[in-house]
Structures are given as C-alpha cells and as structure tokens.
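Visitor: any chance you can model this:
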Amino acid sequence: MKYLTLEEILQPCIRQNWAVGAYDTCNLEITQAIVDASAADQAPAIIMIYPHHTPQAEWPTLLRIIEAEVERAHIPAALVLDHAKTLDQVEYALELGFSGVMIDASL
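Guide: Numbering: from 1, shown residues only. Model (predicted):
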C-alpha cells in the first residue's frame with residue numbers, strides 16, 4: 001500500500017479552507033476509531049506512530065493493522081512517524097514505507 005504524502009493530504013485543505021486531523025495509534029482499536037471517523041466525515045487521515053508508545057520492533061505489525069483498516073474503509077491516508085528521536089528511527093520508518101517523519105530534536 002502506498003500512503004499519500006503530507007503535501008498531497010494538506011494541499012486541498014489550503015485551497016478549500018478545512019483541516020485534517022493527525023492522530024497517534026498504537027493498536028487495532030485506536031486505528032479503527034481513527035479510520036472510521038475519517039470515513040464517516042469522508043475525509044483523509046494522518047495516522048501517526050509515536051515511538052515512545054510503540055516499540056520499534058512492533059512497527060511492522062502495527063503497519064499491517066493500519067494498512068488493513070485504511071484499505072477496508074477506502075480512505076486516503078498519510079502515515080507519519082511522530083516525534084522521532086533518533087536517526088535509526090527515521091531510517092527504519094522510511095524503509096517501512098512511512099510517508100513522513102516528524103523529528104524531535106529538542107534534546
């Protein structure tokens with residue numbers, strides 16, 4: 001599955017004066033809630049994984065859950081790594097097919 005880039009998700013918002021929610025998920029139930037709410041609103045979603053909540057070793061499994069739910073609901077979605085703290089996290093996310101990363105360089 002190919003996720004949309006943040007630019008692809010956000011450009012229509014600028015032209016049409018509306019917003020897209022960005023939500024962290026760490027399991028099936030949260031993912032279903034995000035996807036179902038987006039589908040009900042006929043809106044795209046920005047689905048994020050926060051490394052502090054989901055260990056890197058679990059990302060592939062969580063991605064399969066996200067992909068299945070996005071395909072089930074037929075919604076456009078971007079997949080973003082939220083607050084990456086290390087270059088290893090960024091590289092791994094990009095290898096897995098994330099469409100964007102947000103780097104937290106506060107430390």
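Visitor: what are the ranges of the strands in the chain?
Guide: Using DSSP state E, the strands of the chain run over 22-24, 45-49, 77-84, 100-103.
Visitor: quick check: which of these is buried the most?
Guide: strand 45-49 (a mean of 25; mean count of other Cβ atoms under 10 Å). C-betas here are computed from N, CA, C, even on glycine.
Visitor: strand partners of it, parallel vs antiparallel please.
Guide: As defined by DSSP bridges, the strand partners of strand 45-49 come to strand 22-24 (parallel), strand 77-84 (parallel).
Visitor: who touches the last one?
Guide: It stands for strand 77-84. The contact list for strand 77-84 (Cβ atoms under 8 Å, 6 or more residues apart in numbering) reads 3-6, 8-9, 22, 24, 35, 38, 44-52, 63, 66, 70, 89-90, 93, 97-104.
Visitor: pull the helix or strand with minimum mean pLDDT from the chain.
Guide: Lowest mean confidence among the helices and strands of the chain (mean pLDDT, DSSP states H and E): helix 6-16, at a mean of 91.
Visitor: same list (the strands of the chain) but as CSV, adding distance to Trp59 and mean pLDDT.
Guide: Putting the strands of the chain into CSV (distance: least, Cβ to Cβ, whole Å; pLDDT from 0 to 100) gives the following:
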stretch, distance to Trp59, mean pLDDT
strand 22-24, 13, 97
strand 45-49, 6, 98
strand 77-84, 9, 97
strand 100-103, 12, 96
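Visitor: got those as a markdown table, with distance to Ile14 columns?
Guide: Compiled in a markdown table, the strands of the chain are given as follows (distance: least, Cβ to Cβ, whole Å):
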| stretch | distance to Ile14 |
| --- | --- |
| strand 22-24 | 16 |
| strand 45-49 | 15 |
| strand 77-84 | 15 |
| strand 100-103 | 17 |
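Visitor: out of the ones you listed, which is closest to Ala57?
Guide: Evaluated over the strands of the chain, closeness to Ala57 peaks at strand 45-49, with 12.4 Å, by Cβ to Cβ.
Visitor: how far off helix 6-16 does the closest one point, in degrees?
Guide: Using axes from the mean of the first three to the mean of the last three Cα atoms, to 10 degrees, the inter-axis angle of strand 45-49 relative to helix 6-16 is 140 degrees.
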